[in-house]
Structure formats: C-alpha cells, structure tokens
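>>> okay, sequence plus prediction incoming.
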Amino acid sequence: MRRIEDFLGHREETIFNVFRLKSMMKAHDSLAILIYGSPDPDAVASAMALKALLKQLVGLNDCVLAATEPPRRVQNAEFIKAMRVDIQSLNKIDLKKFTHVAVIDAQPSFFGSLLDGVQPQIVIDHHPVTSVWHAKLADVRENYGALSTIMVEYLLAAKVRISRRLHTALLYGIKSDTNNFERDAILEDIGAYYFTFSHANRELIRRIELNQIPERYLKYFEHAFSYRRRYRDRVVCYLGRVENADVCVQVADFYLRVVNIYYVVIAGVVKDRLIIVFRGDGYRRDCGTIARRAFGKYGSAGGHRSAARVEIPLENISEFIPPDFPQGPVERFLLQRLRRRQTNPVTNGR
C-alpha cells in the first residue's frame, strides 16, 4: 500500500498545485465549489475531497457546494444522502459573496451566463478542453478516467487525513466514471481504486448500485424498443420529450449491454434543449470526437472515447425542425448529422 501511496502522492504537478492552493487560500476565506449539470458520484466525491483538503490545509471560514441541476438518477440521490453532502442550487447562491470559486469536473465555459460574470480561480477537471478560459489554478488531465483519481493524488500529496466516508465517495466516483474500468482509464485510476478500496464502505456502495430503475422510466424503454434504428452494431433512437437527461443515459447504458451492440446514440428533449447521449465500447469508435464533429456547431458537445454528451438549445435547430420536435424530423436530423443513411438499416423497430 505504501508503494501505491508514494506513486500517487509524489507527482510534481500535484505537489506544486497543493502548494499553490495553500498559498491562495486563507483561514478567513470562503469557497464555492461548483458542479455543472446533475451531480454525479465523481463530481460529488471530488468536491468533497477539495473541501476536506482545504479545510485541513487552511481552515476555511465557509465552503458551499452548488450545482446547476438537482440530482436526477436515483442512485446518485441516494449516494449524496449517504455521504451527508448538502448541494445547493447555483441559482440560489450569490457567487460574488465568496472570496474564491472553484469548478470541479467541468470548465468555466460550460456554465455560460450562469456564473454571472464571476471568474473561477480554481478549475480541476478531466474532460477535453473545447474553448478558451483562464483560471489561476487550472488542472485538466484528459487522460484520467475519473476526477476522483486526481483528487486522491491531491489528498496524498498534502498528507491530510482521509475519512472512511471520503474513501467511500472516491471509490464510488472512480467505479462510476470508469464504469468499473470498462471505459478509458490509466494506471493512476487503478492505483487510486486499490488505495480507496481497502478503506471504503463497500457494502454501502453495493447497496447503492443495486438500486433499480424507477418504474416511470419503463415507458421510455418501450419507446426506445419500438422506435430504435439499428445499423449493424449501432443503435440510434430519439425518445421525444423526457423528464430529464438521465433517461437518455439509462436507455443508452442498457442498449450497450445488448449482444452485438457496440455504439449507441440516444436523444431526448429536456425543457429547452435537445440532449444527445453517446455510449460505446471505446474500441471501434471515439464517441467524444463523433459528438463534437456531428453536433458541435449547434451546441456544447464533448466527452471521451466511450461516453459523450451533446446539449443543443432548441432555438439553434428550430429552422429545420418543427416546434413540437416530432419523431420523424428529429430522427432525420440525427441520422444526417451522424452521416448514416436511413435507407439501409439492418433493423427498424417499427
């Protein structure tokens, strides 16, 4: 175990960033840690880690966690409850009252006007950089499978105490963001997993993972079966209006477990946006690259080889899709942008 701790805790970049954090923050300072979208385990665990790190390093006066959306997935809501984490809504806090603002598992450009002119001083992320932004401390490592791994490195480099609850959160963050190492991961992810595994409450994680899909989601699975478009080893489907983006994620994850399906694109309208979720085996195709090339001109798009997401404001595509966003026109838009011919499907669900 000592060799793993040395391996993870002696990265020069991390040690330097810990020193910078300590020099930036003072005991009387306040910090807002921001999460973009619905909080997932990796983002929550990383936010918990940054808070614990700075509390022990400098003793912050106040630290608030805030997200742009509430937790949507049942497992994530239970995880947050089990970790006893209070995550506020970003639109209910005044960022200008905090001496420092940090963005975790995201980048300032993701937030658009939600930051109300406030420029975060700290950004720690593992997603590809798709636009220009600046932060006093910017640590973006695109090759890492989970941000929780990076935060384990920070905690070990700072030599602070890691509670069992934080070990549990970080382990679950690594498990979920790498999909139990079925997605992209590096040696550091494996080391951080092993390190947290021996200290975490694994029974709690098992209980959370066994949560079932909400019964109200079944109608979306039925729709996905009836309206799926299959092209050899690929499935593309538009679900219509859905209650939240997690519906698309659940359906996409399900289809990726079907025999001989290696690449899935599931879309749905959530409020004023078209959400498109990509899932793949990470071997045959690069989901992140496909998402950016196919839909980047219409909205935010990005991700990794095995998982990606697109968010398109409906006003950006209203000129060629009717206002009620019916099945046919949206399907055609998806297929055309993905450069798939509608006339050669191997299987059509209808």
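Noted; the coordinates are in hand.

>>> quick one: contacts for residue 329?
By Cβ atoms under 8 Å, 6 or more residues apart in numbering, residue 329 lies in contact with 320, 321, 322. C-betas here are computed from N, CA, C, even on glycine.

>>> what does the pLDDT read for it?
Looking at residue 329, its pLDDT is 95.

>>> please compute how far the host helix or strand of it lies from its chain's middle.
Element membership of residue 329, judged by DSSP states H and E, is helix 327-337. Put simply, helix 327-337 sits 26 Å off its chain's centre (Cα atoms, centre = their mean, to the nearest Å).

>>> same deal with stretch 312-319?
The answer for stretch 312-319 is 24 Å, by Cα atoms, centre = their mean.

>>> pLDDT on stretch 101-110, on average?
Stretch 101-110 comes out at a mean pLDDT of 95.

>>> can you list contacts of that stretch?
Contacts of stretch 101-110 (Cβ under 8 Å, 6+ apart): 31-37, 40, 42-43, 46-47, 50, 95, 111, 115, 118-127, 129-133, 135, 140, 147, 300.

>>> among those residues, which are located in helices?
Among the contacts of stretch 101-110, the ones falling in helices (DSSP state H) are 42, 43, 46, 47, 50, 111, 147.

>>> that older thread, buried members of the contacts of stretch 101-110 into PyMOL, please.
In PyMOL, this line selects whichever of the contacts of stretch 101-110 come out buried by 16 or more other Cβ atoms under 10 Å:
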select buried, resi 31+32+33+34+35+36+37+40+42+43+46+47+50+95+111+115+118+120+121+122+123+124+125+126+127+135+140+147+300
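
>>> so where's the stretch 1-150 of the chain uncertain?
Within the stretch 1-150 of the chain, not a single segment meets pLDDT under 70.

>>> please apply the same query to the stretch 151-300 of the chain.
212.

>>> mind listing the strands for it?
Ranges of strands within the stretch 151-300 of the chain are 229-231, 234-241, 263-270, 273-280, 300-303, based on DSSP state E, counting those that start in this stretch.

>>> among those strands, which comes closest to residue 70?
strand 263-270 (13.1 Å; Cβ to Cβ).

>>> got the buried residues for that closest one?
Those buried within strand 263-270 under the rule 16+ other Cβ under 10 Å are 263, 264, 265, 266, 267, 268, 269, 270.

>>> how far off helix 327-337 does it point, in degrees?
130 degrees (axes from the mean of the first three to the mean of the last three Cα atoms, to 10 degrees).

>>> who are the packing partners of strand 263-270?
Strand 263-270 sits against strand 234-241, helix 245-256, strand 273-280, helix 327-337, with contacts defined as 3 or more Cβ pairs under 8 Å, 6 or more residues apart in numbering; DSSP states H and E.

>>> now do 10 Å
In this structure, strand 263-270 makes packing contacts with helix 218-227, strand 234-241, helix 245-256, strand 273-280, helix 287-295, strand 307-313, helix 327-337, judged by 3 or more Cβ pairs under 10 Å, 6 or more residues apart in numbering; DSSP states H and E.

>>> just the CA trace of that strand, in CSV.
Extracted C-alpha coordinates of strand 263-270, given in CSV (Å, rounded to 0.1, in the frame of the first residue of the first chain):
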residue,chain,number,x,y,z
TYR,A,263,-22.3,2.0,-30.2
VAL,A,264,-25.4,3.8,-29.1
VAL,A,265,-26.8,7.3,-29.6
ILE,A,266,-29.9,8.2,-27.6
ALA,A,267,-31.6,11.7,-27.8
GLY,A,268,-34.4,13.4,-26.0
VAL,A,269,-35.8,16.9,-25.4
VAL,A,270,-35.4,18.2,-21.9
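
>>> neighbouring strands for that strand, and are they parallel or not?
If you go by DSSP bridges, strand 263-270 pairs up with strand 234-241 (parallel), strand 273-280 (antiparallel).

>>> Serialize those strands to JSON lines and add fields for mean neighbour count and distance to residue 189.
JSON lines is the format used below for those (neighbours: other Cβ atoms under 10 Å; distance: least, Cβ to Cβ, whole Å):
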{"stretch": "strand 234-241", "mean neighbour count": "21", "distance to residue 189": "28"}
{"stretch": "strand 273-280", "mean neighbour count": "25", "distance to residue 189": "19"}
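
>>> got the buried residues for stretch 99-111?
Neighbour-count burial for stretch 99-111, counted by 16+ other Cβ under 10 Å, picks out 99, 100, 101, 102, 103, 104, 105, 106, 107, 108, 110, 111.

>>> quick check: closest non-adjacent residue to the residue most central in space within the chain.
Computing the C-alpha centroid of the chain and ranking residues by Cα atoms, centre = their mean puts residue 40 first, at 6.1 Å. Spatial nearest neighbour of residue 40, excluding adjacent residues (Cβ to Cβ, 6 or more residues apart in numbering): residue 76 at 5.8 Å.

>>> break this structure down into its structural domains.
Taking automatic domain parsing as the reference, the chain has its domains at 2-209, 218-343.
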